[in-house]
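>>> Return a 3D structure for these sequence lines:
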Amino acid sequence: MPPIVKPIDQRCVPGSPVYSETECRLATWRAMLALWKQGKAKAIGVANYQIPELAEIESAGLTLPSVNQVS
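All right, here's what the predicted structure looks like:
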């Protein structure tokens, strides 16, 4: 049986008519939250997010990351 290939989210494809960095980040974060809520991850976080990116998550009413790894 061939592997299931999911379509690429056009919000995350530069040059796409619906491309949006913000919407791509939020869609990705929602996917991470779904894995966390299913118990497939003990904690989820982000790396090198600044205050505006964290504010996007908060404004969307989503759970904030457990960790923001900054290097």
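>>> Would you mind measuring the gap between the ends of stretch 62-70?
Distance across stretch 62-70, first residue to last, is 21 Å (CA to CA, to the nearest Å).
>>> And for stretch 10-20?
In terms of CA to CA, the two terminal residues of stretch 10-20 are separated by 9 Å.
>>> tell me which residues in that stretch are buried?
11, 12 (16 or more other CB atoms under 10 Å). For every residue, glycine as well, the C-beta is placed using N, CA and C.
>>> pLDDT averaged over that stretch - what is it?
Averaged across stretch 10-20, pLDDT comes to 93.
>>> How far does stretch 27-41 sit from its chain's centre?
9 Å (CA atoms, centre = their mean, to the nearest Å).
>>> Using CSV, list the CA coordinates for it.
Taking C-alpha atoms only, stretch 27-41 is exported to CSV below (Å, rounded to 0.1, in the frame of the first residue of the first chain):
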residue,chain,number,x,y,z
ALA,A,27,-1.7,26.2,11.5
THR,A,28,1.5,24.6,12.5
TRP,A,29,0.9,25.4,16.2
ARG,A,30,-2.6,24.0,16.0
ALA,A,31,-1.2,20.8,14.6
MET,A,32,1.4,20.6,17.5
LEU,A,33,-1.4,21.3,20.0
ALA,A,34,-3.4,18.4,18.5
LEU,A,35,-0.5,16.0,19.0
TRP,A,36,-0.1,17.2,22.6
LYS,A,37,-3.8,16.8,23.4
GLN,A,38,-3.7,13.3,21.9
GLY,A,39,-0.9,12.5,24.4
LYS,A,40,1.7,12.0,21.7
ALA,A,41,3.9,14.7,23.2
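>>> Mind listing residues that contact that stretch?
Applying CB atoms under 8 Å, 6 or more residues apart in numbering, the contact partners of stretch 27-41 are 9, 11, 12, 43, 44, 46, 57, 62, 63, 65.
>>> List only those of the residues you listed flagged as buried.
11, 12, 44, 46, 57, 65.
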